[in-house]
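Student: Please find the sequence and the predicted model below.
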Amino acid sequence: MFFFFHLLTGVILGLLIAALLNDRRWIVPCIIGAALPDLVDKPLGYLLLPTASLGGRFLFHNLLVFAVLLVAGLLLWKYYASPVILALDTGLLSHQILDSMWMYPKMWLYPLLGPYPAFPMSPPDYIFDLLETDLNNSSEWVFIILCICALLLYWQRGSLTATAARHKKAVGTLLKSLEIVLWGLCGIVLACGLLKIPLKDLAVESADQYAFTIVIIALAAILIVRWEAVLKNAHPVPEKRQTAHVRPYPAGPAVREIERMEYLVRLAGKDPDRTTLAAAKEIAATYGSSRDRKNDPPPT
């Protein structure tokens, strides 16, 4: 698989797990983990292990490294409730699976099965050849654009959520169309696999790679379905907050903080009347920033 397909896989997995667990801490480490094996192993092999560099798979393409990170991630989750290492390890495992590392057991299980297999010396322009191969591939540019779009959507998620809630019908139609396209792509890849048509732009040739490609596209479709469900339950945020002319209580700092939390709860697409105070405080901590405070009700 090519580099940006791995990166896009990390984006999809991170967004999907974050949506299912309602924990955005999974997103960035999962993306980094999906790209880490190539970012580390190819330069490492070229600079330090020239006899193995042609394979470009060494440290982070190794199952034992995954196992060590898994144990560390479980301990960090248990004692500190942090999913960072587990998310990183999830992305790393997705890279190893897409590379079908079990087909190279001496690499995957090194050093359990003996010495690392030797390769011919790498040419001086090895790294540049890899970059040229990726950048000359048309599908990689599609994946680059998709990764950028996904990151922009994540960066602007607060304002986009509010906009989507105000235009449910249009956004819902767009999401449904994307879902249909993704399921259609699953069918196309499946047909190519059954007819043994190689997808050279994706470096997909073996049966297991066809299956994994279908799984990744299906996960993207499931992510869209998840977003559709969230959109249906989202409540539009009023563009201009209506305040009462007469207040039955003094507008002190505590009252303004409650009003601010109510605004942020609505911004997150939830109903303030059905949100507990603890949940409202958590949402305020997640969405609250200097950018949000400029929309707070003015002090009186």
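Tutor: That came through fine.
Student: What segments of the stretch 201-300 of the chain are helices?
Tutor: Taking DSSP state H, counting those that start in this stretch, the helices of the stretch 201-300 of the chain run over residues 207-233, 253-267, 277-287, 290-293.
Student: which residues touch the helix or strand where W77 lies?
Tutor: For W77, the element it lies in under DSSP states H and E is helix 63-80. Helix 63-80 is contacted from outside by 59, 82-86, 88-89, 92-93, 96, 101, 108-110, 112, using Cβ atoms under 8 Å, 6 or more residues apart in numbering. Every C-beta, even on glycine, is put in place using the N, C-alpha and C of the backbone.
Student: Next, the residues that contact the helix or strand just after that helix from outside, please.
Tutor: Tracing the chain past helix 63-80, the next element assigned as helix or strand by DSSP H and E is helix 84-98. Contact with helix 84-98 is made by 1, 5-6, 9-10, 13-14, 17, 25-38, 60-61, 63, 65-66, 69-70, 72-74, 76-77, 108, 209, 212, 216, as judged by Cβ under 8 Å, 6+ apart.
Student: please redo it, this time with the cut-off set to 6 Å
Tutor: The contact list for helix 84-98, computed with Cβ atoms under 6 Å, 6 or more residues apart in numbering, reads 1, 6, 9-10, 13, 26, 29-30, 33-34, 36-37, 66, 69-70, 72-73, 76-77, 212.
Student: angle of that helix against helix 63-80?
Tutor: Angle, helix 84-98 to helix 63-80, by axes from the mean of the first three to the mean of the last three Cα atoms, to 10 degrees: 150 degrees.
Student: so how far is helix 84-98 off the chain centroid?
Tutor: Chain-centre distance of helix 84-98: 11 Å, with Cα atoms, centre = their mean, to the nearest Å.
Student: coming back round to it: pick out the most distant pair among the contacts of helix 63-80.
Tutor: Greatest spatial distance among the contacts of helix 63-80 (Cβ to Cβ): S82 and L112, at 30.1 Å.
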